Structure formats: C-alpha cells, structure tokens
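Asks: this is a predicted model, with the sequence first.
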Amino acid sequence: MALIEIKDLHARVGEREILKGIDLTVNAGEVHAIMGPNGSGKSTLAQVLAGRELYQVTGGEVVYNGKDLLAMAPEDRAREGIFLAFQYPVEIPGVSNMYFLKAALNTVRKHQGLPELDAMDFLNLVREKMKLMDMEQTLLNRAVNTGFSGGEKKRNEIFQMAVLEPRLAILDETDSGLDIDALRIVAGGVNALRSPERSMIVVTHYQRLLNYIVPDFVHVLSEGRIVKSGGKELALQLEESGYAGFGIEDEEEAVGKR
Amino acid sequence: MSSSPNTLENLATQEYKWGFVTDIEADAIPRGLSEDVVRLISAKKNEPDWLLDWRLKAYRHWLTMKEPTWANIHYPAIDYQDIIYYSSPKAKKDGPKSLNEVDPELLKTYDKLGIPLREQEMLAGVAVDAVFDSVSVATTFKEKLKAMGIIFGSFSEAVQEHPDLVRKYLGSVVPSSDNFFAALNSAVFSDGSFCYVPKGVRCPMELSTYFRINAKDTGQFERTLIVADEGAYVSYLEGCTAPMRDTNQLHAAVVELVALDNAQIKYSTVQNWYPGDKEGKGGIYNFVTKRGACRGVNSKISWTQVETGSAITWKYPSCLLMGENSVGEFYSVAVTNNYQQADTGTKMIHIGKNTTSTIVSKGISAGHGQNTYRGGVKILKSATGARNYSQCDSMLMGDQCGAHTFPYLQVKNTSSQVEHEASTSKIGEDQIFYLRQRGISTEDAVSMIVHGFCKEVFKELPMEFAVEAQKLLGISLEGSVG
C-alpha cells in the first residue's frame, strides 16, 4: 500500500524553480534512495516534504497516508509520523537534548492518543536507544547539537529517529561529513529501524552510503526531475560511470540547498 | 517565519493580565512638586526632623540637576509638575495594625495578582511586604522573623521604630545627590521596604516586596534598604505591576544594599510594570537606582533581574566591592517587545583586593523594541588581583528591533584580569523549523529557544520565581514571531 504518493510536484525558492515535476510513490516498508548531483533538487525535495516554508510549492500534490500532506503544518506532519534527519542539524543553546526530545516524543504520543511518558519511562527508553547508536549518555544532558562534532550531530539525528519511531523517515545526506566508522554506526542504527511498516527516503550524493543501507529502489534526480529509476544496481552503475555517464552535469556549487 | 495566522492573531491579542484598576478611595495630595510638598509628605509620615532635613537637602540639590540624556532611550519630556507625589489608599483608622484590618479591596487586589497576603495561604517560606501606590499595606510573617532578630517591614515603620539603623545606612550607598532620579526619590520617597538581618543570622525564608501602582497620574517613589550584618544571609525578591493606562507613569525607586563582613545578599527582581500597548502608548517610565556595597571582607551581593515590563527601563544594579575578597554578581534578562526601550546593565567597582565580579546579561528584542546593555567595570589601583568576567548576549526576533552593547572597562593595575564576551543572534527560522519538524508547535519552539537562551540567568532565581519568570517571558513575547 502506498504510504506516500508524490504527483507532479513543483517547488521554487524565490524566483528559482527547483522541483520541476517530481513523481514518486513509496509503499510501506520500502527504502528508496534519491541520488543526484549537487543542485539537482534532492535536499529541496526532502525539505518540501517536511514542510519547510522557505520553499513555495507551485504545483502538484502529495498524498500521505490518505491525507493531503501539503495542507499540513510541519509540526502536524511530524506528529503524523514524518521524520526528517537534517543534513545540517541546528544548534539550540541552553535547551537540553533530553528535555527537547521528551517534549517532542510526548507531543507525538499525545497526537496518537498514547499516554505521555514520565521522566523515568522516558529515561529507560532513551537508554535502550542510545545503545543502538553507541552514544554516550552525557550527550543527552548537553544542549541540542551545541558543540557537537559533525558525526555526533548525525548520530543524534538517527537517535532521535529511533526514539520517535516515524512511519516515514527522510534522511537528507546523512552520510556527508562522516568517516567510515561513524558511517557504519549511523547506517547500523538506520538498518535496525527498518521494518515492514516503516518507509524511508534516503537522499545522498554518493553511492557509499547505499553499501550500508541497501535500498529497494534508486532514483536519479537531475534538474528537478527524476530522470532514471531502478533497483539497487542503479547506484552501482552510477558509481562506475559517474553522473556524467548518465549525461548529467554535476555542478560543484550547491544550489537550492539550505 | 510563520505558523497558522489564527494562532498568531490569538497570541497577539493576549493582553497584559495585571492591568486592572482597584476602586479604592485614595488620600492623594495635589499634583506638582515644591518644598511644601516635600514637607507635606514628611509630615504625613510623622518623620523626625533629621529626615525632613535630608529630604529638603536632596530636593534643593535636585533643582540644580538636569535629567540625564546619555542613555539610549527616547521619550517626550517629563513634566515633573504634573505628577502626584503621594497617594495612599484611605485607611479606616490610623493604619492597619494587622492583616484583619487591611481593606478587603486591597487583599482582593493582591489575590488577583497571585500574591495572597493572608499568611495561611502564602507560599511557604516567603514573607511579603506589599506596597500599594505610596504606602506599605501589609507585611507577612513579621512576628516569626522578629523572633530571630530580623527586622522586615515598611520603610515608614522602620523610621519610627528603628531610627538609628535607618539614619546610619540611609543614603550611605546611594547618596541623595547621586543622580537626578535618586535625588528626586530622596526628596519625595513615600515608602518601601526595610530589612536588617543581625549578625550571624541566616534568614530562613525569601523576603519579598510587591509593588503595585494603582492611582492615576501618580509617581511611585519607593526606597528599599537592606542591611546584612556580619555573617548574615538574606535572599530578597521584588515584583511589580501596574494598571493599563494610556498615559505614562513615572517610577523612580532607590535600592541600597549593605553587606558587612562575610555577609551575603541575593536580590532578585521580576519587573513587570505595564509596558504600554502595541502602538507604544502608555506604560511605566522606570528610572531606578540600585546599588549594593560589599563593605566587609568575603561579602557577596548578587543581583538577578528579569525585566519584561515598563515602556522605558533605565536601571543599573551595581556593586561597590570594597571588602577584601568580596564578590559582586549581576544576572539579567531584559525583554523589549512592541515599542519598549530598555537601557540596562551594571557597574562593578573593584576597590578591595582580590575582589571578583561576574556579569551575565541576556537581552531579547522583538517587535520595535530597543535593548541596550550598558556596563561598567572599574578596577581601581587598590584592587590588586581583582577579576571580572562579563558575558553579554543579545537575541533578535524580527527585523524591526535593535540590540546595542556598551561595555566600559577601566583597569588601573596590572595584577587584575578582565574578560568580556559578547554575542548577537537572531532567533533562527531554521531553529524553529527544526523543533517543529519534531512535532513541537511554533509557540513552544520559540519559548524553548528563548528559555534556553536565558537559562544561565533563570537558574539564579529562587525556585518559585524562576517558574513565574519563565511564564512571564512567554507572555511578553507572545505573538512576536510571525
């Protein structure tokens, strides 16, 4: 069953049109990789699905779990189970990671009609999930992402995902800035969260991540359109021939990313 | 930045909750200021001659002074002859002897403000002195404190019952000629709180004064004097509100603190005077002189302030670090929204050896608010080994507001150490989006970010008031992100 159906999605930032008609259907339990050069619109797609108001949707529709996704506020999308692992997680000084995550989890639980967790239950849950990500507990008491290394930030994203247990996880260049050990840990965390009920959209520039998070489908994005779709072997093809082999220009300048 | 327009509209129409007026008969004197008015106030309070003389000297000096213009605030000229300098709720008899005799209207007012004066309903562990317009109307837990030798009550009462103590310390930290507003206050101050904690006594509860301006066109000029004798400790909290009126009202207070050897005073303020409306009409002009003297060795004075109210705030709680190893601290959160203006900060004057001071200032500007930090750190030649650490952070919400920082540092010896850090940040659309993406609403996201920003200051407030201050901050900033 389709969890999310994206039809002819157009979006712009300012005067610049970035998404020029995206069609994509993701069924429950599937992992789709979106690959493409810098400036192709990968990150924009991730942000638009999460509801970033910086981007203006100019056409098309997105049906998520039977609902009109584009009509929903970002927090409502999150409460309905959409999670975005940010490419650049922001720092929020003075707000403890634990306090923030507990507030987030309880808002989501409340929305789902579940009882809110008290401090003890929350701590138990969190301890279990931290093991998964090989994280130190001190990270919980620190301010959200503040002073975290690049790797710690990315790990913290997947850790939050593990706690919030979304139905649709969107991973935006989760591999960027990670060394191989950190990449293994992060990918391990993601794989542990794969389930028949949970779908994932994995946005990446490089094939490397897909050695660890093996996708069911791969889509190649260029200039705001999906130009090729296939199975996991498509990523390997891409790795061999490069984007140029597909007749795609790889601009080094990041355009349209946040 | 945006959220659904409905929520923002709802938030923007939230009003100042403390803006009601109590309908109570007042004994007020005619408007205007003259020597006769000063004499009249003194006579109403049945003051000794030395105090009248002190007031008159201040008044005569005030006449020679000019209103200061160096602060980064703008307001129409204040007509000092158009202000009523004394107003008190009419007492049934000579004045309330106990809470049972306090006018029920007044008790209701404080109930409405969330400050119950009946002791059985009080927050455990907080003694309150309530000042309504020009006079102190009630003091709670007085007897209990008295048993420990602690004097806590209205200033007027202290003048009658402990004239020697008052005379010894009054004006000893803030001289009557100190500045324009302090001189004005010295001439016409009507009441306030007085506190004396004797040698070696640790005051077991928070002491608190709650100031309320009620009458129209009335200035409030209260004076607070707190003395902690050798080895004593006291924690003191001041709160304030006023009705919503479309004219500006003047509040010019003076607070003096004296800490002797090994004594410690913690003074916390949650200032919530009426800030004016969305267009900047009305509101309190808050011109306040607060200063503490660490006279004794190892003495310590900490100022913590959360300034959310007033149309104009002009206020620099300061420390004179005279005793060897004495410590001065200043923790401040100042919020300006709509058309509020704040010029606030501190002065740390290091005189004694090995004195240390810490300054943490957090300014938040929203709407058209203008927020200025002004701080002076002066290390005299005698203050060898002195140390200061200052941190001034500003947060901007929206693009119509302003944040300004004016730190002045003056170091006269080579063995001292001074550190200054400053930052300005904009409450980021990306921060808000990050939190919303995790399911948190815009309002909760803003409040979370702002509280995170102020955390270092809030943790200095006594527990009950930290919660209150957080709520207040939320209300002050409601509707400011859109």
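Replies: Arrived safely.
Asks: read off the pLDDT value for whatever residue of chain A ends up closest to chain B.
Replies: Of all residues in chain A, residue A:94 sits closest to chain B, at 2.9 Å by C-beta to the nearest C-beta. For every residue, glycine as well, the C-beta is placed using N, CA and C. We have a pLDDT of 88 for residue A:94.
Asks: pLDDT weak spots in the stretch 201-350 of chain B?
Replies: B:211-218, B:240-247 (pLDDT under 70).
Asks: returning to that earlier point: the residue of chain A closest to chain B falls within a strand, correct?
Replies: Yes: looking at residue A:94 with DSSP: H, G, I helix; E, B strand; the rest coil, it is inside a strand.
Asks: how much space separates residue B:65 from residue B:182?
Replies: Residue B:65 sits 10 Å away from residue B:182, going by C-beta to C-beta, to the nearest Å.
Asks: which one of these two has more residues nearby?
Replies: Ranked by neighbour count (other C-beta atoms under 10 Å in any protein chain shown), residue B:65 and residue B:182 place residue B:182 first, with 28 against 14.
Asks: show me the contacts for residue B:317.
Replies: Residues near residue B:317 by C-beta atoms under 8 Å, 6 or more residues apart in numbering or on different chains: B:255, B:267, B:269, B:290, B:291, B:292, B:303, B:305, B:330, B:346.
Asks: and the second one, what does it touch?
Replies: Taking C-beta under 8 Å, 6+ apart, we find residue B:267 in contact with B:226, B:236-238, B:255, B:257, B:290, B:292, B:301-304, B:317.
Asks: for chain A, state which of those is nearest.
Replies: Of these, the one sitting nearest to chain A (C-beta to the nearest C-beta) turns out to be residue B:304, at 16.5 Å.
Asks: the helix or strand hosting the closest one near chain A at all?
Replies: Following DSSP states H and E, one finds residue B:304 within strand B:300-307. No: on the criterion C-beta under 8 Å from any C-beta of the partner chain, strand B:300-307 is out of touch with chain A, staying 15.3 Å away.
Asks: how much space between the spatially closest residue to residue B:397 that is not a sequence neighbour and residue A:41?
Replies: Among residues not flanking residue B:397 along the chain, residue B:366 sits closest, at 4.0 Å (C-beta to C-beta, 6 or more residues apart in numbering or on different chains). Note on residue B:366: its distance to residue A:41, by C-beta to C-beta, is 35 Å.
Asks: after the helix or strand hosting residue A:23, next one along is what?
Replies: Here residue A:23, judged by DSSP H and E, is contained in strand A:16-27. Once the chain leaves strand A:16-27, the next helix or strand it forms, by DSSP H and E, is strand A:31-35.
Asks: and the next helix or strand past that following strand?
Replies: Heading C-terminal from strand A:31-35, the first helix or strand you meet, by DSSP H and E, is helix A:42-50.
Asks: show residues contacting that following helix.
Replies: A:4, A:6, A:9, A:11, A:13, A:18-19, A:22, A:34-36, A:54-55, A:57, A:62, A:69, A:74, A:77-78, A:82, A:84, A:87, A:170, A:172-173, A:201, A:203-205, A:221, A:256-258, B:437.
Asks: extract the C-alpha set from the following helix or strand past that helix and format it as CSV.
Replies: Proceeding N to C from helix A:42-50, the next assigned helix or strand is strand A:56-64, under DSSP H and E. C-alpha atoms of strand A:56-64 as CSV (Å, rounded to 0.1, in the frame of the first residue of the first chain):
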residue,chain,number,x,y,z
GLN,A,56,7.0,27.5,-2.2
VAL,A,57,5.1,24.7,-3.7
THR,A,58,3.7,25.9,-7.1
GLY,A,59,2.1,22.7,-8.4
GLY,A,60,1.3,19.1,-7.9
GLU,A,61,0.1,17.1,-4.9
VAL,A,62,1.3,14.8,-2.2
VAL,A,63,-0.9,12.3,-0.6
TYR,A,64,0.5,10.9,2.7
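Asks: list the buried ones in strand A:56-64?
Replies: For strand A:56-64, burial by neighbour count (16 or more other C-beta atoms under 10 Å in any protein chain shown) applies to A:57, A:60, A:62, A:63, A:64.
Asks: quick one on the thing from earlier: quick check, the residue of chain A closest to chain B in contact with residue A:142.
Replies: No: Residue A:94 lies out of contact with residue A:142 (C-beta atoms under 8 Å); the separation is 10.6 Å.
Asks: so who does the residue of the stretch 201-350 of chain B found nearest chain A touch?
Replies: Across the stretch 201-350 of chain B, the shortest distance to chain A (C-beta to the nearest C-beta) belongs to residue B:333, at 11.9 Å. Going by C-beta under 8 Å, 6+ apart, residue B:333 touches B:305, B:306, B:307, B:362, B:363, B:364, B:454, B:457, B:458, B:469, B:473.
Asks: just give me the closest of the contacts of residue B:317 to residue B:446.
Replies: residue B:305 (21.8 Å; C-beta to C-beta).
Asks: and residue B:349, how far from residue B:174?
Replies: 13 Å.
Asks: quick one: residues in contact with the strand holding residue A:23.
Replies: Contact with strand A:16-27 is made by A:1-12, A:32, A:41, A:44-45, A:48, A:55, A:58-60, A:168, A:199, A:201, A:219, A:221, A:223-226, A:255-256, as judged by C-beta under 8 Å, 6+ apart.
Asks: report the buried members of these.
Replies: A:3-6, A:9-12, A:32, A:41, A:44-45, A:48, A:55, A:60, A:168, A:199, A:201, A:219, A:221, A:223-224, A:226, A:256.
Asks: for chain A, what is the nearest residue in the stretch 251-400 of chain B?
Replies: Here the stretch 251-400 of chain B gets closest to chain A at one residue, residue B:393, 9.0 Å apart by C-beta to the nearest C-beta.
Asks: is it correct that that residue is in contact with residue B:364?
Replies: No: counting by C-beta under 8 Å, residue B:393 does not reach residue B:364; the two are 9.4 Å apart.
Asks: neighbour count winner among those two?
Replies: Neighbour totals were compared for residue B:393 and residue B:364, and residue B:364 leads with 28 against 21 (other C-beta under 10 Å).
Asks: what kind of secondary structure is that one in?
Replies: strand.
Asks: what of residue B:208?
Replies: strand.
Asks: and it, how many neighbours?
Replies: 26.
Asks: follow-up on the earlier one: which non-adjacent residue is nearest the residue of chain A closest to chain B?
Replies: residue B:452 (2.9 Å).
Asks: of the contacts of strand A:16-27, which belong to helices?
Replies: Counted as lying in helices by DSSP state H, out of these, are A:44, A:45, A:48.
Asks: ok, which residues in the stretch 101-250 of chain A are in contact with chain B?
Replies: Taking C-beta under 8 Å from any C-beta as the criterion, the stretch 101-250 of chain A approaches chain B at residues A:101, A:103, A:104, A:107, A:108, A:111, A:143, A:160, A:164.
Asks: pick out the most distant pair among these.
Replies: Within those, A:111 and A:143 form the most distant pair, 25.7 Å apart (C-beta to C-beta).
Asks: more crowded one of those two?
Replies: Shown here are residue A:111 and residue A:143; by other C-beta under 10 Å, residue A:143 has more neighbours (18 against 15).
Asks: okay, helices next: where are they in chain B?
Replies: B:5-12, B:35-44, B:49-63, B:104-112, B:142-147, B:155-161, B:163-169, B:180-188, B:429-437, B:442-458, B:463-477.
Asks: repeat for the stretch 151-258 of chain A
Replies: A:180-192, A:208-212, A:233-241 (DSSP state H, counting those that start in this stretch).
Asks: export these as JSON lines, with columns for mean pLDDT and mean neighbour count.
Replies: Formatted as JSON lines, these follow (pLDDT from 0 to 100; neighbours: other C-beta atoms under 10 Å in any protein chain shown):
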{"stretch": "helix A:180-192", "mean pLDDT": "90", "mean neighbour count": "17"}
{"stretch": "helix A:208-212", "mean pLDDT": "90", "mean neighbour count": "19"}
{"stretch": "helix A:233-241", "mean pLDDT": "86", "mean neighbour count": "15"}
